[in-house]
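Novice: I'd like to go over a predicted model; first the sequence, then the structure.
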Amino acid sequence: MKVLFTVTFVIISLMLGLTATTKMTQPLKADNIEIQDSILRHVVLFKFKEGTTKSEIATVEEAFNALPNKIKAIYSYEWGLNNSPEGLNKGFTHCYLLTFKTEEDRGIYLPHPDHKAFGAILTPYLEDVLVVDYWTRQ
């Protein structure tokens, strides 16, 4: 009787353990990722017109760098200059990475008057722009 009880206990424990393991290793559903585990990245690349001076580019940099203090919907912000040794940047020199918690926050940013004012500063010097948005896990 004692052996039967022990074997039954071990089998039930293993079954419960397999069930718990199965539940823990199931992939997350895409609709949960955006809400619970992800942030929205907004990548912006600039190629300046030939002949744009360092001073003019500095004015653009300063104006873009001021946006996170003016638009509270921006969750985080960073930027930098291309330094890739691959030579595949196609003339794009400036990369800006803005992060938003929600699509609604991005929706506040895009038409925001301060963002529009920045566009007015940038446009005379801009040869081309590339923008990519994507959701990523934190």
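Specialist: Here it is on my side, so go on.

Novice: Spatially central residue in this structure, please.
Specialist: R41 (2.0 Å; C-alpha atoms, centre = their mean).

Novice: element containing that residue, please.
Specialist: R41 is part of strand 38-48 when elements are defined by DSSP states H and E.

Novice: buried set for the helix or strand that that strand is followed by?
Specialist: For strand 38-48, the following helix or strand on the C-terminal side (DSSP H and E) is helix 54-70. For helix 54-70, a neighbour-count test (16 or more other C-beta atoms under 10 Å) marks 56-57, 60, 63-64, 67 as buried. Where C-beta positions appear, they are placed from N, C-alpha and C, glycine not excepted.

Novice: same question, stretch 89-103
Specialist: 92, 94-96, 98-100.

Novice: Work out the gap between that stretch and the centre of the chain.
Specialist: Centroid separation for stretch 89-103 versus its chain: 9 Å, with C-alpha atoms, centre = their mean, to the nearest Å.

Novice: try stretch 99-116
Specialist: Distance, centroid of stretch 99-116 to centroid of chain: 13 Å (C-alpha atoms, centre = their mean).

Novice: about what we covered before: got CSV for the buried residues of helix 54-70, with pLDDT and distance to R137 too?
Specialist: Shown next, in CSV, are these (pLDDT from 0 to 100; distance: C-beta to C-beta, whole Å):
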residue, pLDDT, distance to R137
E56, 98, 38
I57, 98, 34
V60, 98, 32
A63, 98, 31
F64, 98, 26
L67, 98, 25
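
Novice: between these, which is nearest P111?
Specialist: Checking these against P111 with C-beta to C-beta, the nearest one is L67 at 13.3 Å.

Novice: how about the closest one, what does it touch?
Specialist: The contact partners of L67, taken as C-beta atoms under 8 Å, 6 or more residues apart in numbering, are 74, 77, 114-115, 118.

Novice: Sitting in helices, which of the residues you listed do you find?
Specialist: 114-115, 118 (DSSP state H).
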